[in-house]
Every structure is written in C-alpha cells, then in structure tokens.
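**Student:** Any chance you could fold what I've pasted below:
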Amino acid sequence: MKNILVLCTGNSCRSQIAHAYLQKFAGDKATLYSAGVEVHGVNPKTIQTLKEDGLDITYYTSNHISEYKNIPFDYVITVCDNAKETCPFFPTNAVKLHHNFPDPSKHKGTDEEIKQEFAKVREMIKKYSKDFVQKYL
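**Tutor:** Predicted structure coming up:
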C-alpha cells in the first residue's frame, strides 16, 4: 500500500479533484491524502463537477500540509506551481512529481463558462491520475 499526498495552494479545487481520481483509479493500492500550503475549504464547484462524473466528495475536507508531517509518503504530487514554490520544508523520501494545472476557480466568465472550465480541468486531472496509477502503481 502506497501513501500519496496531493498538494496545492488551498486544497480547494485541483488537489481535491486529483485526490478523488487517484483514489478511484488506485483502489486498494494506495491511501490518498490531499493538502494545501493554505486552507481554503473545498470549493462547491469542485464538488459539483466531480458529482457530474459520478464521484461524491461531499465528505472531503480541506487540510493543511502540517497535518500530515508524520506520514511516510511514497509520492508527493504538486498540482500547481505556487504549492511547488511555497511548500515549506517537508522531510520525506517520497518521489516528488509536479504538474501545473490551471486553477478553475480563477476563471472569469459566465456561470456556464466557469462550469466548462471546471469540467475541462477535471478531465485533465482525470487523465493525469489514470496515467499516474498505470505508471507508478
């Protein structure tokens, strides 16, 4: 069983999406955690966009990286440049991976355009997560 941490700025959108899909694709091969260098709460649009793809994350919480300092991670995946650059020293022997996904919560436009941006980012992260599991687990 591998321990995987997904890290983002506020643990509200991208890391939550990655957490959900990595858990879905990894099944019992991994225990997933997600955290932020700040805590912003789970974005309701994130919950909705995952629900549209059959995933329920209503019970997910937004967590700070410091909550996981004693977990021996095998992989730490940063999903935004800010988290990669501002992450405090995190002692681990984990393999560190990085992929900067667009932040759908920063997208400007109509409600429909924002919904489409969330769906676009969801699909990008879904593909990344599936590829990760196939390659590393």
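
**Student:** give me the element the residue nearest the centre of the chain is part of.
**Tutor:** Computing the C-alpha centroid of the chain and ranking residues by Cα atoms, centre = their mean puts Ser15 first, at 1.7 Å. Ser15 is part of helix 14-26, with elements assigned from DSSP states H and E.

**Student:** Quick one: mean pLDDT for the helix or strand following that helix?
**Tutor:** As assigned by DSSP H and E, the chain's next helix or strand after helix 14-26 is strand 30-36. Per-residue pLDDT values across strand 30-36 average out to 96.

**Student:** which residues of the chain fall in strands?
**Tutor:** Ranges of strands within the chain are 2-8, 30-36, 75-78, 95-98, based on DSSP state E.

**Student:** what's the third one packed up against?
**Tutor:** The reference is to strand 75-78. strand 2-8, strand 95-98 (3 or more Cβ pairs under 8 Å, 6 or more residues apart in numbering; DSSP states H and E). All C-beta spots, glycine's among them, are computed from the backbone N, C-alpha and C.

**Student:** Make a markdown table from those strands and add distance to Glu67 and mean neighbour count to it.
**Tutor:** A markdown table is the format used below for the helices and strands packed on strand 75-78 (distance: least, Cβ to Cβ, whole Å; neighbours: other Cβ atoms under 10 Å):
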| stretch | distance to Glu67 | mean neighbour count |
| --- | --- | --- |
| strand 2-8 | 10 | 24 |
| strand 95-98 | 19 | 14 |
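
**Student:** re earlier: JSON lines please, covering the strands of the chain and showing distance to Asn43.
**Tutor:** Below are the strands of the chain laid out as JSON lines (distance: least, Cβ to Cβ, whole Å):
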{"stretch": "strand 2-8", "distance to Asn43": "11"}
{"stretch": "strand 30-36", "distance to Asn43": "12"}
{"stretch": "strand 75-78", "distance to Asn43": "18"}
{"stretch": "strand 95-98", "distance to Asn43": "21"}
